[in-house]
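*Asks:* Next comes the sequence, and after it the predicted model I'd like to discuss.
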Amino acid sequence: MLTIGTHMSIAEGIVKTAENVVKMEANTMQIFSRNPRGSGYKTYSGEEIEKFQKITKENGVQFLLAHAPYTMNLASGKAETYEFACTVIREDIARMDALGMENLVFHPGSHTGIGVEAGIKNIVAGLDQGITGRENITVLLETMSGKGTEIGASFEELKAIRDGVKHPEKIGICLDTCHVFAAGYDIVHDLEGVLAEFDRVLGLSILRAIHLNDSMMPFGSHKDRHAPVGEGEIGLEALLGVMRHPALRDLPFYLETPFDEEGHKAEIQMIRERLKEEN
Ligand code: FE
Ligand code: FE
Ligand code: ZN
């Protein structure tokens, strides 16, 4: 069965958010692990956590995914930025594990001038501070578009991070369709080739999640602008092709498209309809 949901704001709290996911008829969800553009976070009470877990479980909402804040740059060479990022990843791995989230995804980071190698070294050291090896949660590296000095636009860079950490078994990959397309992986004309390359470098078995986005920017542009499914340069057919691919179709799909909850509900419905027609 297709598992699809969207990124959800948790402004109304985690319990209300879980209820909204059910109303949207989604069966997975992504939430920010804390304020995405700041540093603050809410502490969830035991009662809240219990309710959240009950609602999701009873309604078949699974593959719960947390997204680390954009302000967290584990690749940074600036002491203050780096220390903050190390604190955030450590705290949020523990917090999201306690909330029962299956995965925590983060953007590997931007080296801002210190170079890819030094950036990766920082990311690895930060992850080693945060991952104990005893948690249930898996930490996912997101494939990036490669804007600016962003690390993670190539499968090789993601592999270097995973290979470097003490607990690689706790590291998986989240593939963002908009980002890989902008990074120069041609999922429109050669999905087979891209997946073969992913498998050769990283191994398809560590692919845990798909961010399903169309791209406003052209192939290989290294620009990160999400478009609604079917309204960008990737197009509906190619994205449906991703969802029906035998190596991908059992993975959870998360929309990060520019819609509110009503719009997302319609987008999910449209996708389900289109996939159903073929069966
Ligand atoms: Fe992301
Ligand atoms: Fe994404
Ligand atoms: Zn993006």
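*Replies:* Received it, and whenever you're ready, just let me know what you need. Ligands and ions are numbered 1, 2, ... in the order given.
*Asks:* Counting by contacts, list what the biggest helix by length in the chain packs against.
*Replies:* For the chain, the longest helix by residue count, based on DSSP state H, is helix 79-98. Helix 79-98 makes packing contacts with strand 103-106, helix 116-130 when contacts are defined by 3 or more C-beta pairs under 8 Å, 6 or more residues apart in numbering; DSSP states H and E. To be clear about C-beta, it is placed using only N, CA and C from the backbone, and glycine gets the same treatment.
*Asks:* Distance from the chain centre to it, please.
*Replies:* 17 Å (C-alpha atoms, centre = their mean, to the nearest Å).
*Asks:* Now the terminal residues of stretch 185-194, how far apart.
*Replies:* 6 Å (C-alpha to C-alpha, to the nearest Å).
*Asks:* still on that earlier bit, okay, the helices and strands packed on helix 79-98, which one's buried deepest?
*Replies:* Comparing the helices and strands packed on helix 79-98 by mean neighbour count (mean count of other C-beta atoms under 10 Å), strand 103-106 comes out on top with a mean of 24.
*Asks:* Sheet partners, orientation included, of it?
*Replies:* Neighbouring strands of strand 103-106 in its sheet, by DSSP bridges, are strand 65-67 (parallel), strand 138-142 (parallel).
*Asks:* For these, give me a markdown table that also has mean pLDDT and mean neighbour count.
*Replies:* Shown next, in a markdown table, are the strands paired with strand 103-106 (pLDDT from 0 to 100; neighbours: other C-beta atoms under 10 Å):
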| stretch | mean pLDDT | mean neighbour count |
| --- | --- | --- |
| strand 65-67 | 98 | 25 |
| strand 138-142 | 99 | 23 |
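*Asks:* So which residues on this protein come close to ligand 2?
*Replies:* For the chain, the contact set with ligand 2 under C-beta under 5 Å from the ion comprises 176, 211.
*Asks:* try 8 Å
*Replies:* Within the chain, the residues that sit near ligand 2 (C-beta under 8 Å from the ion) are 67, 105, 142, 174, 176, 178-179, 211, 213, 226, 254, 256.
*Asks:* Spatially, what comes nearest to the residue in the stretch 51-200 of the chain that ligand 2 sits nearest to if we skip its sequence neighbours?
*Replies:* Evaluated by C-beta to the ion, the stretch 51-200 of the chain has Asp176 as its residue closest to ligand 2, separated by 3.8 Å. Of all residues not flanking Asp176 in the chain, His211 sits nearest, at 3.8 Å (C-beta to C-beta, 6 or more residues apart in numbering).
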